[in-house]
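>>> All I have is the shape, not the residue letters:
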C-alpha cells in the first residue's frame, strides 16, 4: 500500500483493525466524533461514514471483487468494486479514489457522486454490524486490475445476467444489494438504458 501522511497516521502498528479511526456521523451525515474501526462495528454498531464504488468497463460490465479470505469482516465474499471508510476529515471522493487504487491498482475515470444511503446490516458470521452512512460513486475502469492480495481474493467483470447467476451460487456482502440498488439511477446514467442495470 502506498504510504501517505493520512495512511501513516492511521495505519495500525500491529495489523489490528481497531487502530484505525473512523468518522462517526448523525442521521444527516454530520460529523459527531470518531471511533476505532473495530469498536464502531461491534454490535449494535456506531453510525459512521463509509463509501462504495461501482466501476464499469467500456462494455458496461461491473467490476466486482471477492474480499480476501484474511479480512477481519466479511472475508471471502463478493462485493462491489471497492468499499471502505474515509479517514476522519478526508473527503469521501478522495477516500474512494485512494482505496480503489490501493486495493485494485486502478484509478477510476469519470468517477462521480451517486448519492448516499444509510443502512444497518448485521453480519451473522462475525457478529459485527455495518451501521453506515454510505457515499456512493460510479465511474469507469480503463486498465486491468492489479489487486492487492491482502485485500482482494479475485475480481470479475460481469453483466447484469452474469451477476444474477453469480449471486445465486456465491456469497455476497450483506450490504451489496443495498448499495447497488441505491446507486442504480447513476449507474443507468453512466452505462445507458441498454446496459440492463
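That came in fine, so what should we check first? These numbers come from a predicted model, not from an experiment.

>>> mind checking which helix or strand of this protein has the lowest mean pLDDT?
Ranked by mean pLDDT, DSSP states H and E, the weakest helix or strand in the chain is helix 5-10, scoring a mean of 37.

>>> Distance from the chain centre to the longest helix anywhere in the chain, please.
Identified as the longest helix of the chain according to DSSP state H is helix 176-191. From the chain centre to the centre of helix 176-191 is a distance of 13 Å (CA atoms, centre = their mean, to the nearest Å).

>>> who's in contact with it?
52, 54, 56, 60, 78-80, 83, 110, 112-117, 119, 121, 134, 136, 138-140, 195, 197 (CB atoms under 8 Å, 6 or more residues apart in numbering). Yep, even glycine has a C-beta here, placed from its N, CA and C like the rest.

>>> didn't residue 173 look like it was pressed against residue 64?
No - contact criterion CB atoms under 8 Å: residue 173 and residue 64 do not qualify, at 10.3 Å.

>>> what sits in contact with each of those two?
Residues touching both residue 173 and residue 64 comprise 78-80, with contact defined as CB under 8 Å, 6+ apart.

>>> Tabulate the residues you listed (a markdown table), appending secondary structure, neighbour count and pLDDT.
Output for the shared contacts of residue 173 and residue 64, formatted as a markdown table (DSSP: H, G, I helix; E, B strand; the rest coil; neighbours: other CB atoms under 10 Å; pLDDT from 0 to 100):
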| residue | secondary structure | neighbour count | pLDDT |
| --- | --- | --- | --- |
| 78 | strand | 22 | 98 |
| 79 | strand | 21 | 98 |
| 80 | coil | 22 | 98 |
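
>>> now, which of those residues sits nearest residue 41?
Nearest to residue 41 among these, counting by CB to CB, is residue 79 at 15.5 Å.

>>> Tell me the buried residues in stretch 98-112?
Residues of stretch 98-112 classed as buried by neighbour count (16 or more other CB atoms under 10 Å): 98-104, 106, 108, 111.

>>> Could you do stretch 142-150 as well?
Neighbour counts over stretch 142-150 (16+ other CB under 10 Å) mark 145, 147 as buried.

>>> Could you tell me the end-to-end distance of it?
23 Å (CA to CA, to the nearest Å).
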